[in-house]
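Participant: test case, fold it:
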Amino acid sequence: MSVKAFPYTSWPIRDLPTPGQSCSTSVMRVLLPVLALTLLSGCATTQSLNLDRAQEDPWEKSNRRVYALNKKLDRYAIKPVTTVYRAVVPRIGRRGISNLYQNYSEPRNFLGYLLQGKLSLAFRSFDRLFLNTTLGVGGLFDVATGLGRPQRDTDFGQTFAQWGIKAGPYVMLPFFGPATLRDGIATPIDFVVDPADIGRNIAFSPSLYWRAGQITGRVVDLRSRLIDAGGDAILADSLDEYTLIKSAYLQRRRAQLYYGNPPPTAEELEEFKDYEPEPAPLAVGAAGAAVASEAPAVEMPETDASSVEAPTATTEPDTSGTSEVITPNAGSN
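Facilitator: So this is what the prediction gives:
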């Protein structure tokens, strides 16, 4: 699908102020549609957050072919470059580069959460951008996370879900990897409508080679972080890589759609329904006495007192010579 097919492709250029036009007028032309779209954030429904259709994977056959293509692309191009990058750049340098890219994505997170109507998350992204840009030396250090403000990424796929657009089937995108149909359509918009890229283009007018280099660096950084997270080892131990990746993506995506607090699934509810808690261990002390007082009384079988032989007492001399010790004897010798 061509990027030109999306109506939002040229809006940043179209709304730049023309000669003789005030900048405030241009800003209002941009902000009014954004604020109008924000009102749609309350239209999220259970259907738009449901991923059952994606779980069914009706396009599995073609998706597996695309996955095989992506795997070859990774094996012969992306991973070799990433291996060289990891060999040349030390860990502390790679960490700084990752922080720079994550800080660069905060304006997009701010816009996304604003369009979703999540003002607290939007200004959390703005707070992270301000702290890491100032105290973190332009984003080289992630100061915000240490201050209790970890990053929470978002994208236009999540925004569309809040606007009530259904997820659709699961799809494996060439080069970009797993997605739903909704997220696949939103992926080009994430690149085009990126406030950081728009500001960079207006301020510096970078060449095409510079932009391509920045995108390549972001891909290599993402691949390097996947290695650090143990992704390659997990896939190597898997019997079916495609199914594992699909399951992991849909679980992570579901958590994102519910902002980290997803409701239990039908399978989880069924497991909870069949769950039988183990009996609590016998308590001791005051708590044990309280439990014992609430326990039902247990009837003991009646016994004939005449059949019980009373213990006899015998005396043994005390070697100390001061007293005698009385010991019970259960029976006769």
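Participant: touching, residue 161 and residue 180? I think so.
Facilitator: No. Counting by C-beta atoms under 8 Å, residue 161 stays clear of residue 180, with 9.2 Å between them. All C-beta atoms are positioned from the backbone trio N, CA, C, and that covers glycine.
Participant: which one of the two is surrounded by more residues?
Facilitator: residue 161 (28 against 23; other C-beta atoms under 10 Å).
Participant: any idea which element the more buried one lies in?
Facilitator: Assigning secondary structure by DSSP states H and E places residue 161 in helix 156-162.
Participant: could you point out which element follows that helix?
Facilitator: Downstream of helix 156-162, the next assigned helix or strand under DSSP H and E is strand 170-173.
Participant: in its sheet, which strands sit next to that next one, and in what direction?
Facilitator: With DSSP bridges as the test, strand 170-173 is paired with strand 177-180 (antiparallel).
Participant: now the partner strand - C-alpha only, CSV.
Facilitator: Coordinates of each C-alpha in strand 177-180 appear next as CSV, following Å, rounded to 0.1, in the frame of the first residue of the first chain:
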residue,chain,number,x,y,z
GLY,A,177,6.7,-8.0,11.3
PRO,A,178,3.6,-8.9,13.2
ALA,A,179,0.5,-6.7,13.3
THR,A,180,-3.2,-6.7,13.0
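Participant: go through that strand and flag the buried ones.
Facilitator: By 16 or more other C-beta atoms under 10 Å, the buried positions in strand 177-180 come out as 178-180.
Participant: residues making contact with stretch 223-237?
Facilitator: Applying C-beta atoms under 8 Å, 6 or more residues apart in numbering, the contact partners of stretch 223-237 are 74, 78-79, 82, 85-86, 94, 98, 241, 244-245.
Participant: correction: the previous question concerned stretch 132-142.
Facilitator: 96, 99-100, 102-104, 106, 143-144, 151.
Participant: can you redo these as JSON lines with neighbour count?
Facilitator: Formatted as JSON lines, those follow (neighbours: other C-beta atoms under 10 Å):
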{"residue": "96", "neighbour count": "17"}
{"residue": "99", "neighbour count": "22"}
{"residue": "100", "neighbour count": "20"}
{"residue": "102", "neighbour count": "20"}
{"residue": "103", "neighbour count": "23"}
{"residue": "104", "neighbour count": "19"}
{"residue": "106", "neighbour count": "24"}
{"residue": "143", "neighbour count": "18"}
{"residue": "144", "neighbour count": "26"}
{"residue": "151", "neighbour count": "17"}
